[in-house]
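S.K.: Sequence plus the predicted model coming up.
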Amino acid sequence: DAGVIQSPRHEVTEMGQEVTLRCKPISGHDYLFWYRQTMMRGLELLIYFNNNVPIDDSGMPEDRFSAKMPNASFSTLKIQPSEPRDSAVYFCASSRQGGPNQPQHFGDGTRLSIL
Amino acid sequence: AQSVTQLGSHVSVSEGALVLLRCNYSSSVPPYLFWYVQYPNQGLQLLLKYTTGATLVKGINGFEAEFKKSETSFHLTKPSAHMSDAAEYFCAVSFGGATNKLIFGTGTLLAVQP
């Protein structure tokens, strides 16, 4: 079975540019999570969706960040405009419906560098 | 509220030695507990999970963890470390309710010395 697929794997761009990160969850999974990982702050949950609906976006750092899930097989995380402090590894994860005993399955991440 | 504390951000062991990574949790509801491993330049992979039933849980790569309610702990162990075990390990607890949201610890970086 294909796992969670993220693209691109690496992104280097200049400050002020728009950045779009993409995620394809595992087929049949109803939950989708976006995380950010940095040395200073560790693993932070940014937002998660259930059945394509955003449930909790309290971790989104500011209005420059937005996430969408137009259908069950695709989600995007957008940063506009980007800043150097947004440099991090961004992970997408998905899990099945069925309660809190369902594990999350992670993609390999997008390593984002803002110059 | 749910929380996870991992004692020791860095642990170093010799190859063949016992691995012990500590995790304590706080939960207002019966917890579901997870250990994940992250190898360099990869996402997190599930090592094992505790939901209900047997308190000693076996996972992949020879790891196991024991749920101790009285100690609110879920420590991860492996009898004999291998070089390939070098990675970062994360403990997580379910947020509670019907959601699949997890609360992650800050991670423990395991180094294995030859």
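M.R.: Ah, there it is. Numbering: from 1, shown residues only, chains lettered A, B, ... in the order given.
S.K.: Give me the contact list for stretch A:13-22.
M.R.: Residues outside stretch A:13-22 that contact it (CB atoms under 8 Å, 6 or more residues apart in numbering or on different chains) are A:6-8, A:11, A:74-84, A:86, A:90, A:92, A:110, A:112-115. Every residue, glycine included, has its C-beta placed from N, CA and C.
S.K.: change it to 7 Å
M.R.: The contact list for stretch A:13-22 (CB atoms under 7 Å, 6 or more residues apart in numbering or on different chains) reads A:6-7, A:11, A:76-84, A:90, A:110, A:112, A:114-115.
S.K.: Quick one: buried ones out of those?
M.R.: Buried residues within the contacts of stretch A:13-22, counting neighbours by 16 or more other CB atoms under 10 Å in any protein chain shown: A:6, A:11, A:77, A:79, A:82, A:90, A:110, A:112, A:114.
S.K.: Next, format the residues you listed as TSV and append pLDDT.
M.R.: Shown next, in TSV, are those (pLDDT from 0 to 100):
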residue	pLDDT
A:6	97
A:11	96
A:77	98
A:79	97
A:82	96
A:90	97
A:110	97
A:112	97
A:114	97
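S.K.: and the spatially most central residue of chain A, what are its bridge partners?
M.R.: Nearest to the mean C-alpha position of chain A, counting by CA atoms, centre = their mean, stands residue A:34 at 3.0 Å. Taking DSSP bridges as the rule, residue A:34 bridges to residue A:47, residue A:92.
S.K.: ok, it - contacts?
M.R.: Contacts for residue A:34 (CB under 7 Å, 6+ apart) come out as A:46, A:47, A:67, A:77, A:90, A:92.
S.K.: Quick check: the first one touching residue A:59?
M.R.: Spelled out, that is residue A:46. Yes. Using CB atoms under 7 Å, residue A:46 is in contact with residue A:59, at 4.5 Å.
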